[in-house]
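Colleague: no FASTA, just this:
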């Protein structure tokens, strides 16, 4: 039983594929007016995507979701 460990990007890709409806909604929200992205612009859509990801991958997702949330907060402070 020689199982390879999945790389984090593979885990993320799998989770995103299971949350495609939420990912699409978030992407459409951001792209709708990408020149005017601001803090919490698509917070509702992001939280739905994050919640889906947490449900699909509870073991690995807490750290990733926290990192994504912190990255978004940092990016919004730059705008």
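Modeller: Alright, I've got the coordinates. These numbers were taken from a predicted model, which means no experiment stands behind them. Residues are numbered from 1 along each chain as shown.
Colleague: for residue 38, what are phi and psi?
Modeller: Per-residue torsions, residue 38: phi -140, psi 170 (degrees, to the nearest 10).
Colleague: what's the neighbour count on it?
Modeller: Using other C-beta atoms under 10 Å, residue 38 has 9 neighbouring residues. C-betas here are computed from N, CA, C, even on glycine.
Colleague: for residue 15, list the residues it contacts.
Modeller: Residue 15 makes contact with 52, 53, 56, 57, 61, according to C-beta atoms under 8 Å, 6 or more residues apart in numbering.
Colleague: look up how far residue 31 lies from it.
Modeller: Between residue 15 and residue 31 the computed distance is 21 Å (C-beta to C-beta, to the nearest Å).
Colleague: grab the nearest non-local neighbour of residue 25.
Modeller: Spatial nearest neighbour of residue 25, chain neighbours left out: residue 45 (4.9 Å); criterion: C-beta to C-beta, 6 or more residues apart in numbering.
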